[in-house]
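1. Provide a 3D model corresponding to the input given below.
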Amino acid sequence: METLSALRIYSNNKNYVESLKKTLHPDNVITPDFMEIIENISEDNNEYIYEIVIKVKHSAKNFDSLRGALDEILSIIEMIDNVLIMLK
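-> Below is the predicted model:
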């Protein structure tokens, strides 16, 4: 049995979501055997959606890894947003 977690980032700026994917992708390529990360960029009514789906096989240890992966992704996104704010 697997647990699926999805994180979606919405933006009107295509460059922003593409930059997020390029920044996060290297870390998402190699994952533990019990985890799979799928990334996708889609467009819906001039809004770009960067979706990260994390599949994890069940166990308490694996859930902690899922939470750690999500925390790391959110921290990187926050850092990117803070840099963009400082550059404006």
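
2. Now name the helix or strand holding residue 4.
-> Remark: residue 4 resides in strand 2-11, with elements defined by DSSP states H and E.

3. Could you list the residues in contact with whatever helix or strand comes next after that strand?
-> Following strand 2-11 in sequence order, the next helix or strand is helix 14-29 (DSSP H and E). If you take Cβ atoms under 8 Å, 6 or more residues apart in numbering as the criterion, helix 14-29 is touched by 9, 11, 37, 39, 41, 43, 48-50, 52, 72-73, 76-77, 80, 84. In this view, the C-beta of every residue, glycine as well, is placed from N, C-alpha and C.

4. I'd like to know which of those are buried.
-> Neighbour counting by 16 or more other Cβ atoms under 10 Å classes 9, 37, 48, 50, 52, 73, 77 among these as buried.

5. Among those, which ones are in strands?
-> Using DSSP state E, the members of the buried ones among the contacts of helix 14-29 that fall within strands are 9, 37, 48, 50, 52.

6. So what's the residue count around residue 3?
-> 13 (other Cβ atoms under 10 Å).

7. what kind of secondary structure is the residue nearest to it when sequence neighbours are not counted in?
-> By the measure of Cβ to Cβ, 6 or more residues apart in numbering, the closest residue to residue 3 outside its immediate chain neighbours is residue 56, 4.9 Å from it. Three-state assignment for residue 56 (DSSP: H, G, I helix; E, B strand; the rest coil): strand.

8. these two touch, right, residue 56 and residue 68?
-> No. Taking Cβ atoms under 8 Å as the definition, residue 56 is not a contact partner of residue 68, at 10.9 Å.

9. Who has more neighbours out of the two?
-> A side-by-side neighbour count of residue 56 and residue 68, using other Cβ under 10 Å, places residue 56 first with 22 against 10.

10. Please report the distance of that one from residue 65.
-> Going from residue 56 to residue 65 by Cβ to Cβ, to the nearest Å gives 7 Å.
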